[in-house]
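*Asks:* fold the following for me, if possible:
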Amino acid sequence: MTKQDLINAAASTAGVTKKTAGDVLEAVLSAITKSLQKGDTVTVTGFGTFRVSKRAARTGVNPRNPSQKIKIPAMKLPAFKAGKGLKDAVR
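*Replies:* Numbers count the residues shown, from 1 in each chain. Predicted coordinates for the structure are as follows:
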């Protein structure tokens, strides 16, 4: 499902225009992104939790030259953990 498919489904389910559904989706995604940038978690009850995961620095191997070691820096990554309602719906 693409973003446009999601907008179309939300518009038909909620009985609103596609433009309104698109604006609402953009606002929700923007709010989640801003919250994660601040380091906060976003919990949608019954759906799941978005959070920031920290990955430590490590040493890796260059795939083109396996004898060469490279340093991979520490970084923050977005993570999602599915909630019980979503897990049950998929099973």
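*Asks:* so Glu68 belongs to a strand, correct?
*Replies:* One thing to correct before we go on: residue 68 is Gln, not Glu. Yes - secondary structure of Gln68 (DSSP: H, G, I helix; E, B strand; the rest coil): part of a strand.
*Asks:* burial count for the spatially closest residue to it that is not a sequence neighbour?
*Replies:* Excluding its sequence neighbours, the residue lying closest to Gln68 (C-beta to C-beta, 6 or more residues apart in numbering) is Asn62, at 4.2 Å. Every C-beta, even on glycine, is put in place using the N, C-alpha and C of the backbone. Other residues lying near Asn62 total 10 when counted by other C-beta atoms under 10 Å.
*Asks:* next one, pLDDT for Asn62 please.
*Replies:* For Asn62, the model assigns a pLDDT of 91.
*Asks:* again, but for Arg58
*Replies:* 96.
*Asks:* for it, what are its contacts?
*Replies:* Lys71, Ile72 (C-beta atoms under 8 Å, 6 or more residues apart in numbering).
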